[in-house]
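Chemist: sharing a model that was predicted from the sequence below.
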Amino acid sequence: MASPTAVTFPTVLLVDDHEDSRVIYSMALEAAGFRVLQARDGSECIACARAQRPDVVVLDIEMPVMNGLAALRALRDDTHTASLPVIAVTAATNRYMRGELAEAGFDAVLLKPARPELVVAAIRQAVSGDRKRTG
């Protein structure tokens, strides 16, 4: 008798200091079939990414304790998380900041308020292996 094949769902680490944003995006991601982990700041992001090994990180930029840029640098400097796709979702609207984010190595940069379906699409692209760095 053949054993049933376990279905695995991609895991998203959602990092945002605003609970409302985490709730809205989590609902959309779970409805799209993703497993969702949450963190409130960059420090929690690093710890969770190392412990849980998500398939992709969705990262706010302006957060207390450790901001998104510092968290991205820490992820890229760790051999266990260096190749992890990381998508920035930010309210930063000035061109300088968007350019800095693209140069930092994010796989995509979405502006808040990003529609949940755009976040889902960016994650699907990242986990499909069709990663195109912004910049």
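Modeler: Nice, thanks for sending it over.

Chemist: tell me which helix or strand comes right after the lowest-mean-pLDDT helix or strand in the chain.
Modeler: Averaged element by element with mean pLDDT, DSSP states H and E, the chain has its least confident helix or strand at helix 95-104 (a mean of 72). With elements assigned by DSSP states H and E, the helix or strand that comes after helix 95-104 is strand 108-111.

Chemist: quick check: mean pLDDT of that next one?
Modeler: If you average the pLDDT over strand 108-111, you get 88.

Chemist: and the next helix or strand past that strand?
Modeler: Sequence order places helix 116-127 as the next helix or strand after strand 108-111, per DSSP H and E.

Chemist: just the CA atoms of that next one, as CSV, please.
Modeler: Included here for helix 116-127 are C-alpha records, laid out as CSV according to Å, rounded to 0.1, in the frame of the first residue of the first chain:
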residue,chain,number,x,y,z
PRO,A,116,-2.7,41.8,-1.0
GLU,A,117,-3.0,40.2,-4.4
LEU,A,118,0.2,42.1,-5.5
VAL,A,119,2.0,40.7,-2.4
VAL,A,120,0.7,37.2,-3.2
ALA,A,121,1.9,37.5,-6.9
ALA,A,122,5.4,38.7,-5.8
ILE,A,123,5.7,35.8,-3.4
ARG,A,124,4.6,33.3,-6.0
GLN,A,125,7.2,34.7,-8.4
ALA,A,126,9.9,34.5,-5.7
VAL,A,127,9.1,30.9,-4.7
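
Chemist: which elements pack onto it?
Modeler: Other helices and strands packing on helix 116-127, by 3 or more CB pairs under 8 Å, 6 or more residues apart in numbering; DSSP states H and E, are helix 19-31, strand 56-59, strand 86-90, strand 108-111. C-betas here are computed from N, CA, C, even on glycine.

Chemist: buried ones in the first one?
Modeler: In other words, helix 19-31. 21, 22, 25, 26, 28, 29 (16 or more other CB atoms under 10 Å).

Chemist: stretch 86-93 too?
Modeler: Residues of stretch 86-93 classed as buried under the neighbour-count rule (16+ other CB under 10 Å) are 86, 87, 88, 89, 90, 92.
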